[in-house]
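> I would like to see how this sequence folds:
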Amino acid sequence: MTTTRKLSGRTRKVVLLVHVLSAAAWLGIDLALGILVVLALSTSDNTTGGIAVQAVDMFAIWPMFGASVVCMISGVVLGVGSKYGLVKYWWVAVKLVMNVGMSLLIAFALRPGVEEAARVGARLLAGDPSAVIPSDLLHPVVVAPTLLLFAYVLSVFKPWGRIRRSPQPVERERRDLVGAV
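As a prediction, this is how the structure comes out:
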């Protein structure tokens, strides 16, 4: 049987605060990204669309990726240092897989698309009438906040129980007056 080193109360609270704040920052950046993408896709003004798409490129990717990595690291520290572990409970394992997957998507799928959209934004600002903002930027701004909200729900409700139950039932000691008589 392996023993895990538990975090002290104060350390756990600090790591939990970092985890919650990084998740909130990640969601906030995602929502701001969504607002800019919807603005860019819905406006008929080329200047507004171009500036909105270039703003996405300027602030969204690396801060979002940074927030996702801080969220992942703090979540791993919480998992290792608490009774929940990293792969003891389904809700923790699902959140970890979602975080790793979304972080990889930010770095390897979203970043190139946003960079291409920023080039289109520059063409719009230069007056190129053939420049069109790619509509596939809308998918990440719908999927990512939905997954992040799902992760929040998992954190609050902690569904599904343990991944693997103990093979032998744990015998619990009765602490009532029946055995004392």
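> Check which element follows the longest helix seen in the chain along the chain.
With residue count as the measure and DSSP state H as the assignment, the chain has helix 9-42 as its longest helix. Next along the chain after helix 9-42, taking DSSP states H and E as the criterion, comes helix 46-59.
> elements contacting the helix or strand just after that next one?
Per DSSP H and E, the first helix or strand lying C-terminal to helix 46-59 is helix 61-80. If contacts are counted by 3 or more C-beta pairs under 8 Å, 6 or more residues apart in numbering; DSSP states H and E, helix 61-80 sits against helix 9-42, helix 90-105. C-beta: built from backbone N, CA, C; applies to glycine.
> where does the chain have low pLDDT?
Flagging of the chain using pLDDT under 70 yields the residue ranges 1-4, 166-181.
> picking up where we left off before, and the angle for the longest helix of the chain with helix 61-80?
Here helix 9-42 points in a direction 150 degrees away from that of helix 61-80 (axes from the mean of the first three to the mean of the last three C-alpha atoms, to 10 degrees).
> Check which helices and strands helix 9-42 sits against.
Checked by 3+ C-beta pairs under 8 Å, 6+ apart, helix 9-42 has helix 46-59, helix 61-80, helix 138-157 packed alongside it.
> Check which residues of the first one are buried.
Taking 16 or more other C-beta atoms under 10 Å as the basis for neighbour counts, the residues of helix 46-59 that come out buried are 46, 49-57.
> Pick the one among those residues closest to residue 27.
Lowest distance from residue 27 to those (C-beta to C-beta) belongs to residue 56, with 16.1 Å.
> could you list every residue that touches the residue lying closest to the closest one once chain neighbours are set aside?
Distances taken as C-beta to C-beta, 6 or more residues apart in numbering put residue 36 closest to residue 56, at 4.9 Å, once the chain neighbours are dropped. Counting by C-beta atoms under 8 Å, 6 or more residues apart in numbering, residue 36 touches 52-53, 55-56, 60.
> Mind doing that once more with 6 Å?
Under the criterion of C-beta atoms under 6 Å, 6 or more residues apart in numbering, the neighbours of residue 36 are 52, 55-56.
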